[in-house]
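# can you look at this prediction? I've put the sequence above it.
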Amino acid sequence: MASGTALIYDEKMATHKLLWSDPICDIEVPERLSSSYEQLKSYHLVERCVPVPAREGSEEEILLVHSLEHLEVAKSTQTMNEEELKRVSENYDAFFFHPSTYHCARLAVGATLQLVDAVMSGEVRNGMALVRPPGHHSQRNAANGFCLFNNVAIAAEYAKLKYGLQRILIVDWDVHHGQGIQYIFEEDPSVLYFSWHRYEHQEFWPSLKESDYDAVGLGKGKGFNINLPWNKVGMGNSDYLAAFFHVLLPMAFEFDPELVIVSSGYDSGIGDPEGQMNATPEVFAHLTHFLMQLANGKLCVILEGGYHLKSLGESVCMTVKTLLGDPVPQITGEMAPCLSAVESIQNVRAAHKPYWKWLAYEDTSFLQNLSTKSHLLKKANSNTSTEHETKITNNNNTVKVERFLELHMKNILFPVPPIKTATIGSEGSEHFLSEHVQLVKEMDKTEIKSLVSGFYADLVEEDKILLSLGSMLAILDKILKKEVCNGIAASPTAALSAAVALRHSVRFGFQRVLCVFVGDMQITPNTEDGKMLIINICEKEQPGKTSCKHCISLNWKEDAEGNDFFSAVLGFILPVAYSYQPNLTVIAVGPNRSLGISGISLLVALLQGLAESRIVAVIEDTEISLLQSVAKALGGASTPPFGIYVPPTQEKVKKIKALRDQFQQEWKMLQCSVKDGI
Ligand SMILES: NCCCNCCCCCC(=O)CS
Ligand SMILES: [Zn+2]
């Protein structure tokens with residue numbers, strides 16, 4: 001399993017700059033690159049990466065995507081004077097040439113391809129290339145939107161050619177629509193292109209009809225182009241996360257890419273003059289963490305836009321820190337997507353229903369009554385400003401944003417605990433020890449008895465159980481004291497251990513503890529005070545036990561063929577968990593688990609986005625291979641294989657929808673459709 005994170009940067013790409021006054025292009029400055037690199041150095045992130053040199057992309061590589069004419073025009077600008085440069089630049093929408101632009105653009109292409117090679121060769125697991133000029137707007141025969149050569153599109157064609165790849169996912173989280181990439185791959189089913197972008201019903205640049213949610217691809221490429229338009233500014237962390245849970249991630253796991261490339265623009269971040277959005281830098285850590293679970297971790301992040309230097313730098317650091325495997329910082333802000341975001345999510349899901357198995361049973365009845373009223377919807381929306389908008393429009397907000405970024409960022413990049421995972425040297429644990437795992441000394445019986453006596457003493461009749469509780473508590477203490485990030489304990493009675501862990505954590509002072517229990521949970525602690533949220537995944541309804549806000553039971557029997565759990569994890573468990581914002585996660589597997597090892601490993605991997613990745617896993621001690629797989633997921637040594645993708649049956653889709661309807665007012669991240677019509 002490859003490890004290590006590549007960082008590709010060459011200061012020569014800072015030479016390209018605007019020589020005349022142009023209010024549209026003057027934000028694309030060389031300092032974007034140099035200050036991002038300086039920020040990475042200041043957080044000691046550069047030294048933790050594998051340095052990979054940039055190189056010039058060859059003409060042949062550029063011709064994979066661009067016309068010879070486009071290449072020749074670009075080449076000819078190297079010897080032009082300012083007058084000529086200005087004239088050539090005026091042929092394009094929002095682009096400027098400098099004598100060094102051609103060379104810088106070739107370096108940007110080469111740096112991107114170097115990153116693809118480093119990842120595909122296994123020299124590193126993932127990496128980031130800091131490049132300019134950016135690429136995602138440039139087209140076969142035209143420069144556009146600060147972009148000359150389409151770095152990411154060339155990288156995808158290059159990877160197909162050199163490594164015979166047949167499924168590449170491009171995620172474009174820049175705030176502008178990468179129409180260049182869309183045009184290049186819209187008939188190509190081997191490249192799945194996802195872009196969200198500020199759109200405002202086609203008001204915002206580049207103001208294209210084909211940037212809307214109904215542009216799903218052409219011919220054989222139908223279903224492989226996903227546009228998620230933001231029809232309002234001020235979109236925040238919850239809107240972005242909802243887009244991942246309810247649109248991108250279900251597509252991505254069904255597509256099962258062999259490589260993921262990110263058109264990583266940070267003008268979608270707070271403070272950016274182009275985006276006018278509200279999402280804070282740590283959201284990029286979460287987005288990166290989700291994408292790291294695909295393609296066996298093979299992830300290439302390529303810089304596109306981002307024009308607020310402080311916001312850009314912080315977001316770049318969040319991205320690289322996560323690529324390095326550090327714990328994911330706590331997300332901030334109210335976990336509730338706005339109405340406009342939910343409408344866009346609902347629309348793009350409906351548009352893609354014909355092309356995706358996971359959407360086969362999507363309820364699109366809203367289209368009937370909406371189609372007659374859609375003009376009302378647009379008009380209605382144009383003049384009512386949501387809470388987002390008012391926050392953004394007044395200009396003293398910019399001052400607040402500057403202050404926010406100054407204060408907020410420092411404490412987010414918290415020191416990383418030295419050891420990632422703790423376990424106990426109890427019998428059988430030698431199977432799943434890896435270099436990431438630290439042995440923890442056992443507690444002595446009297447100490448355990450005092451801890452346990454409070455509430456479960458009568459349940460603990462044998463020494464064996466007492467000892468296992470002691471082991472688990474020894475591990476849990478290290479996590480609660482933030483000496484380690486996560487831990488794994490084998491237990492003869494997972495239900496009892498989980499209940500003790502929950503109570504101990506709450507008594508330690510943790511206010512919100514999430515427990516995901518797989519299998520029969522014989523003991524259900526009292527969750528009335530909201531300090532615990534239990535999601536019990538079990539095969540059948542427990543008699544006489546109905547779900548409530550803090551104690552939800554999800555009946556799920558995994559399909560024998562493979563892993564059909566994605567829709568439950570992405571469409572239900574993660575949205576609830578993110579809505580709750582736990583500061584610790586307990587994942588427990590008891591007897592009669594109704595999920596396969598791959599489904600549980602997927603769950604563990606994705607739950608690391610919560611509670612600064614603090615997780616304690618309590619697994620029945622008979623489950624040796626599960627212990628190994630979960631320990632691997634916790635150690636971050638590898639992304640466990642998620643088994644064969646099996647789409648959810650109609651019955652399971654209905655079950656998730658029923659639970660969503662029941663809880664989406666309590667746990668708002670579940671929202672992915674507007675209440676019947678407007
Ligand atoms: N009234 C006309 C305004 C035009 N604005 C053009 C902005 C281009 C932005 C390109 C970019 O950021 C790449 S990531
Ligand atoms: Zn952009």
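Received it, and whenever you're ready, just let me know what you need. Ligands and ions are numbered 1, 2, ... in the order given.

# least trustworthy helix or strand in the protein by mean pLDDT?
helix 387-393 (a mean of 44; mean pLDDT, DSSP states H and E).

# helix, strand or coil for the residue most central in space within the chain?
Central residue of the chain (Cα atoms, centre = their mean): L287, 2.1 Å from the mean position. Using DSSP: H, G, I helix; E, B strand; the rest coil, the structure places L287 in helix.

# wait, it sits on D172?
No - in this structure, L287 is not within contact of D172 by Cβ atoms under 8 Å, at 11.5 Å. Every residue, glycine included, has its C-beta placed from N, CA and C.

# for the residue in the chain positioned nearest to ligand 2, list the residues it contacts.
Nearest residue of the chain to ligand 2: G305, at 2.9 Å (Cβ to the ion). Neighbour list for G305: P134, F146, D174, V175, H176, G265, Y266, D267, E274 [criterion: Cβ atoms under 8 Å, 6 or more residues apart in numbering].

# which two from these end up farthest apart in space?
Spatial extent of the contacts of G305 (Cβ to Cβ) is set by the pair F146 and Y266 at 13.7 Å.

# who's more crowded, the two?
Y266 (31 against 26; other Cβ atoms under 10 Å).

# how about the more buried one: what's its closest non-neighbour residue?
Distance criterion Cβ to Cβ, 6 or more residues apart in numbering; nearest residue to Y266, sequence neighbours excluded, is G306 at 3.3 Å.

# what sits against the one you found?
G306 sits next to R32, D174, G265, Y266, D267, G269, D272, L312, S315, V316 when contact means Cβ under 8 Å, 6+ apart.

# the first one: what secondary structure?
The local conformation at R32, judged by three-state DSSP, is helix.

# that one against S311, yeah?
No - look at R32 against S311 with Cβ under 8 Å: they stay out of range, at 11.1 Å.

# neighbour-wise, which of the two wins?
S311 (27 against 24).

# so what does that one look like in phi/psi?
As for S311, its main-chain torsions (degrees, to the nearest 10) stand at phi -60, psi -40.

# now it: how far from I27?
Distance from S311 to I27, counting by Cβ to Cβ, to the nearest Å: 13 Å.

# repeat for L312
Counting by Cβ to Cβ, the gap from L312 to I27 is 11 Å.

# those two - which one has more neighbours?
More neighbours surround L312 than the other of L312 and I27, with 26 against 18 (other Cβ under 10 Å).

# okay, domains of this protein per the record?
With domains defined by automatic domain parsing, the chain comprises 12-412, 421-647.

# between the two ends of the last one, what distance do you get?
The straight-line separation of the ends of domain 421-647 (Cα to Cα, to the nearest Å) is 33 Å.

# the protein against ligand 2: which residues are in contact?
D174, H176, G265, D267, G305 (Cβ under 5 Å from the ion).

# how about these in JSON lines, adding distance to K321 and pLDDT?
Converted to JSON lines, the residues of the chain next to ligand 2 look like this (distance: Cβ to Cβ, whole Å; pLDDT from 0 to 100):
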{"residue": "D174", "distance to K321": "20", "pLDDT": "98"}
{"residue": "H176", "distance to K321": "25", "pLDDT": "98"}
{"residue": "G265", "distance to K321": "18", "pLDDT": "98"}
{"residue": "D267", "distance to K321": "20", "pLDDT": "98"}
{"residue": "G305", "distance to K321": "21", "pLDDT": "98"}
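
# phi, psi of the residue of the chain found nearest ligand 1?
Going by Cβ to the nearest ligand atom, ligand 1 is nearest to G305 of the chain, at 2.6 Å. Backbone geometry at G305, expressed as degrees, to the nearest 10, gives phi -90, psi -170.

# which is the next helix or strand following the helix ranked longest in the chain?
Longest helix in the chain by number of residues (criterion: DSSP state H): helix 101-120. Using DSSP states H and E, the helix or strand that directly follows helix 101-120 along the chain is strand 126-130.

# how much does that next one deviate in direction from helix 101-120?
Strand 126-130 and helix 101-120 are oriented at 170 degrees to each other (axes from the mean of the first three to the mean of the last three Cα atoms, to 10 degrees).

# tell me which helix or strand E447 sits in.
helix 445-456.

# ok, now E28?
Applying DSSP H and E, one finds E28 in no helix or strand.

# let me see the contact set for it.
L18, F96, R132, P133, P134, F146, Y307.

# could I get the residues you listed as CSV with secondary structure and distance to ligand 1?
Below are those laid out as CSV (DSSP: H, G, I helix; E, B strand; the rest coil; distance: Cβ to the nearest ligand atom, whole Å):
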residue, secondary structure, distance to ligand 1
L18, coil, 13
F96, coil, 11
R132, coil, 10
P133, coil, 9
P134, coil, 5
F146, coil, 5
Y307, coil, 7
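
# most neighbours among those, which one is it?
Neighbour max across those (other Cβ under 10 Å) = P134, 31 neighbours.

# got a pLDDT number for it?
Looking at P134, its pLDDT is 98.

# the closest residue to it other than its chain neighbours: how many residues sit nearby?
Nearest non-adjacent residue to P134, counting by Cβ to Cβ, 6+ apart: E304, 4.3 Å away. Residues lying near E304 (other Cβ under 10 Å) number 29.

# E304 and V283, how far apart?
With Cβ to Cβ as the criterion, E304 and V283 are 16 Å apart.

# with L192 instead?
Applying Cβ to Cβ to L192 and V283 gives a distance of 22 Å.

# quick one, which of the two is more surrounded?
V283 (28 against 25).

# identify each buried residue in the host helix or strand of the more buried one, please.
Element membership for V283, per DSSP H and E: helix 282-291. Residues of helix 282-291 classed as buried under the neighbour-count rule (16 or more other Cβ atoms under 10 Å) are E282, V283, F284, A285, H286, L287, T288, H289, F290, L291.

# need the max-distance pair from those.
E282 and L291, at 15.4 Å, using Cβ to Cβ across the buried residues of helix 282-291.

# wait, doesn't Y578 sit right on Y240?
No - contact criterion Cβ under 8 Å: Y578 and Y240 do not qualify, at 11.2 Å.

# hang on, N536 in a strand?
Yes - assigned with three-state DSSP, N536 falls within a strand.

# quick check: it touching P525?
No - in this structure N536 lies outside contact range of P525 using Cβ under 8 Å: 11.5 Å.

# can I get stretch 626-633 in PDB, CA atoms only?
The C-alpha coordinates for stretch 626-633 follow below in PDB (Å, rounded to 0.1, in the frame of the first residue of the first chain):
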ATOM      1  CA  LEU A 626     -13.000  -7.500  11.400                       C
ATOM      2  CA  LEU A 627     -10.600  -6.400  14.100                       C
ATOM      3  CA  GLN A 628      -7.800  -6.400  11.500                       C
ATOM      4  CA  SER A 629      -9.800  -4.400   8.900                       C
ATOM      5  CA  VAL A 630     -11.000  -1.900  11.400                       C
ATOM      6  CA  ALA A 631      -7.500  -1.400  12.900                       C
ATOM      7  CA  LYS A 632      -6.200  -0.800   9.400                       C
ATOM      8  CA  ALA A 633      -9.000   1.800   8.800                       C
END
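
# I'm done for today, thanks for sticking with me.
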